[in-house]
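1. With the input below, show me the fold.
(2 chains)
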Amino acid sequence: MTLAVHVRATLGGFSLDAAFDAPSTGVIGVFGPSGSGKTTLLRCIAGLTRGTGTVRIGQSTWQDDGAKIFVPAHQRGVGYVSQDANLFPHLDVRANIAYAAQRARGDSVPPIEPIAERTGITALLARSTGSLSGGERQRVALARALARNPRILLLDEPISALDEPSRREMMQLIESIVAGSSVPVVYVSHSLMEVTRVADTLVWMSAGRVNRWGPVGDVVARIEFGRWRDNDAGVVIDATIERHDDTWGTTLLRSPWGPLTVPRDSRQVGGKVRVQILASDVSLGLAPQADSSILNEFPMRVLASEQLDAGRTLVRLGPRDGSAAVLLAHVMRVSAERLGLYNGRDVYARVKAAAVLGTAG
Amino acid sequence: MTTADTRAIALTVALATTTTVLLLAIGAPLALWLSQTRSRARPVLEAIVALPLVLPPTVLGFYVLVALGPLGPIGGVWESLGGPRLVFSFPGLVIGSMVYSLPFVVQPMQAAFRAVPTSLVETATLLGAMPFDRFRTVILPLSRHGVLTAAVLGFAHTVGEFGVVLMIGGNIPGRTQVVSIALFNHVERLQYGDAHVLAGGLVAFAFIVLFAVYSFNRRFDAARP
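-> Coordinates of the predicted model:
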């Protein structure tokens, strides 16, 4: 199944001209700075904004101007969660979810309890929406979107308005929902780190255009440094679990750069996991280091580097065999100078920490 | 209080109730359209709706009389279809009152409908609600104070009308004689005692109604998150 979108829309002075045909099995991440047209793109998919062009999902055509087809938004069966939960203030939590269930796609009304359980809001069902915290509101919004029994789930910056702890919880919830259902998901965010956590396919947008789209690793490797927010820089790779070492409490992964040791993971040997490595957790040296506490060291080559601010430089590294698995490293500018990190220089990258995000699709 | 006064009060209540119910039914879709449209016709319609606010009731009454009369565009067609005479009758009063009270019903509803966040209406759309469903389940409940204000103002304003009724209804006790006209009759005949009863009653009624509306809106505001 694919989500094929070719839309143009003009709103005020802004114009959107976006096209991609992404596999809709798994998560399609849409990344771009604010004002790049991500929300307008989602609104065109949902049918809230009528641009020109075509929108197709699997066998269904939602818009095809050539064939004069435009399925109205209320018939598309879209589950939509935005930055603001948009809960109905005159209905309590249960009634908000029931609103969606009563109008759900298909013949039967989905029961509310199992959905509430999946989203962890069973205890909130009788509450009024005004008494909920930001994180709770987003959970309820997600539950309501699921109660629609949607054809596709559109998540527009679903965690952006939350504080840090709620963000983590909501992200985990989204990951578990994504893992446990076959509904295609489009996840929109201005944070690359956030989309790369969940996305299988990445659509990278700026100024109303799609710069590049494709498998998440391919696109991430080609995004310019300037696109990263400072604290955001990092890469995501898929790795395979090679073996567990219970004596030391570690798990050995096979990564594109070589063997990668992470804290003991609960998944089985042979399983695929997604691993995130932040640029701030990578340091560089010119020679391999035996007397270090760091386990993970890879021979790499400097591909490019860019000064972030007065003191720091962001370095892009690739494996020496020329393969695509890019690694990013933050180093002090003075170190970059001293090591002579010119492009093409062979270095050793030491990874202080690698976080296993979850099962890779 | 005379028998004629009692009948005038009953007639006034019946007139105000009928007018309010009909105006809510007609005014709601009009207010909804006005609150959502970007059409260029909107200011034209808004001006027409607001006209009764500024025109002397006698002007309105005069045109309604002409229109509803046996030779008028509405009255003529109505009577040629076999309808009973509209002027000097209760239905005629209702039509006149509807014109007279139109802005008092449409404007509060329009403002309340416009205040419902578009994002909530869009959310209902995405959850599968058709246009009338969205109006019934989202827009109307979220603007209930505006609808209540519209109903109360429409009712109270109709109770207080004089000029329009005088022009089209005349002064037939028990048929078209409303309280404000009965009051006028008392004063003409120097029956100041009876006039005081009706006038004082109207003042008390108007105050209670407005007090109720403002208290309700205050409580509503306080209850909002």
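2. From chain B, how far out is A:Glu297?
-> Between A:Glu297 and chain B the distance is 50 Å, computed by CB to the nearest CB, to the nearest Å. Bear in mind the C-beta positions are built from the backbone N, C-alpha and C, glycine included.
3. Which part of chain A gets nearest to chain B, residue-wise?
-> Distance from chain B to each residue of chain A (CB to the nearest CB) is smallest for A:Arg103, at 3.4 Å.
4. how about the helices of chain B, start to end?
-> Under the criterion DSSP state H, chain B contains helices at B:3-36, B:42-54, B:57-68, B:73-80, B:90-115, B:118-126, B:131-134, B:140-142, B:144-159, B:163-169, B:179-188, B:192-223.
5. between those helices, which one is nearest to A:Gly217?
-> Among the helices of chain B, the nearest to A:Gly217 by CB to CB is helix B:118-126 (32.1 Å).
6. Just want the angle from that closest one to helix B:3-36.
-> 80 degrees (axes from the mean of the first three to the mean of the last three CA atoms, to 10 degrees).
7. Any part of helix B:118-126 near chain A?
-> Yes: using CB under 8 Å from any CB of the partner chain, helix B:118-126 reaches chain A at B:119-120, B:122-126.
8. one step back: out of the helices of chain B, nearest to A:Leu286?
-> Using CB to CB, those put helix B:118-126 closest to A:Leu286, at 55.3 Å.
9. Please state the offset of the helix or strand harbouring A:Glu194 from the chain centre?
-> In this assignment (DSSP states H and E), A:Glu194 forms part of helix A:192-198. In terms of CA atoms, centre = their mean, to the nearest Å, the centre of helix A:192-198 is found 3 Å from the chain centre.
10. which other helices and strands contact that helix?
-> strand A:27-31, helix A:164-179, strand A:185-189, helix A:216-222, strand A:234-245, strand A:272-278 (3 or more CB pairs under 8 Å, 6 or more residues apart in numbering or on different chains; DSSP states H and E).
11. list the buried ones in the third one?
-> Using 16 or more other CB atoms under 10 Å in any protein chain shown as the test for burial, strand A:185-189 gives A:185-189.
12. Kindly report the same for the first one.
-> For strand A:27-31, a neighbour-count test (16+ other CB under 10 Å) marks A:27-31 as buried.
13. Alpha carbons only: can I get it in PDB?
-> The C-alpha coordinates for strand A:27-31 follow below in PDB (Å, rounded to 0.1, in the frame of the first residue of the first chain):
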ATOM      1  CA  VAL A  27       5.300   5.400   9.600                       C
ATOM      2  CA  ILE A  28       5.800   8.200   7.200                       C
ATOM      3  CA  GLY A  29       7.600  11.000   9.000                       C
ATOM      4  CA  VAL A  30       7.300  14.600   7.600                       C
ATOM      5  CA  PHE A  31      10.100  16.800   8.800                       C
END
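14. now for it, which elements pack on it?
-> For strand A:27-31, the packing partners by 3+ CB pairs under 8 Å, 6+ apart come out as helix A:38-46, strand A:185-189, helix A:192-198, strand A:201-206.
15. Return the alpha-carbon coordinates of the last one using PDB.
-> Extracted in PDB, the C-alpha atoms of strand A:201-206 (Å, rounded to 0.1, in the frame of the first residue of the first chain):
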ATOM      1  CA  THR A 201      10.000   6.700   5.500                       C
ATOM      2  CA  LEU A 202      11.000  10.400   5.800                       C
ATOM      3  CA  VAL A 203       9.600  13.300   3.800                       C
ATOM      4  CA  TRP A 204      11.900  16.300   4.200                       C
ATOM      5  CA  MET A 205      10.200  19.600   3.500                       C
ATOM      6  CA  SER A 206      11.200  23.300   3.300                       C
END
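16. Identify the residues contacting the residue of chain A closest to chain B.
-> A:148, B:127-129, B:133 (CB atoms under 8 Å, 6 or more residues apart in numbering or on different chains).
17. That's all I had, so thanks and see you.
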